[in-house]
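Asker: What follows is a protein structure lacking sequence information:
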């Protein structure tokens, strides 16, 4: 089944304790992206990647890091989490190309709480 | 930069028709997407418009006017299961989409 898999789905952690949210897709998609979703603010892009070893900042990158060493994986790293990073996080992927709809496939979401 | 506006919340009656509007200002427009998101779930793709006009897909239709920076999603014969958030997203540049804040649609009996 074509899918985007994120882990963990739920996490409660404490301020300053490094954590990684993994994201993996099995569709050979070039483009991958991380979003956070907060009430009243919608989906905001954190980082995105056009292909292996190519990453770029989205609209709200502060406090996050990413890497794209393999095409299928795009982990999100919080080096020193803070309470304002409490949010619902979505990973998404799509093919990357001109001439058509590059429809995003989303993971199920990771609900993170930072105390 | 870009700016995407859609109403925060709408209510409608089961069986009725509802239109959710989205206006946008952007550079490098490369199409407009609508996604549906049920509470606690991931967004799922509904429609894509890159040319002006109406695209119909079953009970859902989406319209685009590029000159006006305007789109709408039309839902007919509303069902209770249509209660969800509807996200307007604008593709730009290298097809990187930016999302609006979403419209929460409540369908009541």
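Answerer: Nice, I can see it. These numbers come from a predicted model, not from an experiment.
Asker: going on from the lengthiest strand in chain A, what's the next piece of helix or strand?
Answerer: Counting by DSSP state E, the longest strand found in chain A is strand A:42-51. Counting by DSSP states H and E, the element after strand A:42-51 in chain order, helix or strand, is strand A:54-57.
Asker: Partner strands of the very next helix or strand once past that following strand, with direction?
Answerer: Note on strand A:54-57: by DSSP H and E, the next helix or strand toward the C-terminus is strand A:65-66. Partners of strand A:65-66 in the sheet, by DSSP bridges, are strand A:76-78 (antiparallel).
Asker: Could you see whether chain B lies near the next helix or strand after the strand it pairs with?
Answerer: The first helix or strand that comes after strand A:76-78 along the chain, using DSSP H and E, is strand A:87-94. Yes: counting by C-beta under 8 Å from any C-beta of the partner chain, chain B is contacted by strand A:87-94 at A:90, A:94. For the C-beta atoms, the positions are set from N, CA and C on the backbone; glycine is no exception.
Asker: Neighbouring strands of strand A:87-94 in the sheet, and parallel or not?
Answerer: Counting by DSSP bridges, strand A:87-94 is paired with strand A:31-38 (antiparallel), strand A:105-106 (antiparallel), strand A:110-114 (antiparallel).
Asker: May I see the ones you listed organised as a markdown table, with distance to residue B:80 and mean neighbour count added?
Answerer: Converted to a markdown table, the strands paired with strand A:87-94 look like this (distance: least, C-beta to C-beta, whole Å; neighbours: other C-beta atoms under 10 Å in any protein chain shown):
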| stretch | distance to residue B:80 | mean neighbour count |
| --- | --- | --- |
| strand A:31-38 | 24 | 24 |
| strand A:105-106 | 23 | 20 |
| strand A:110-114 | 25 | 18 |
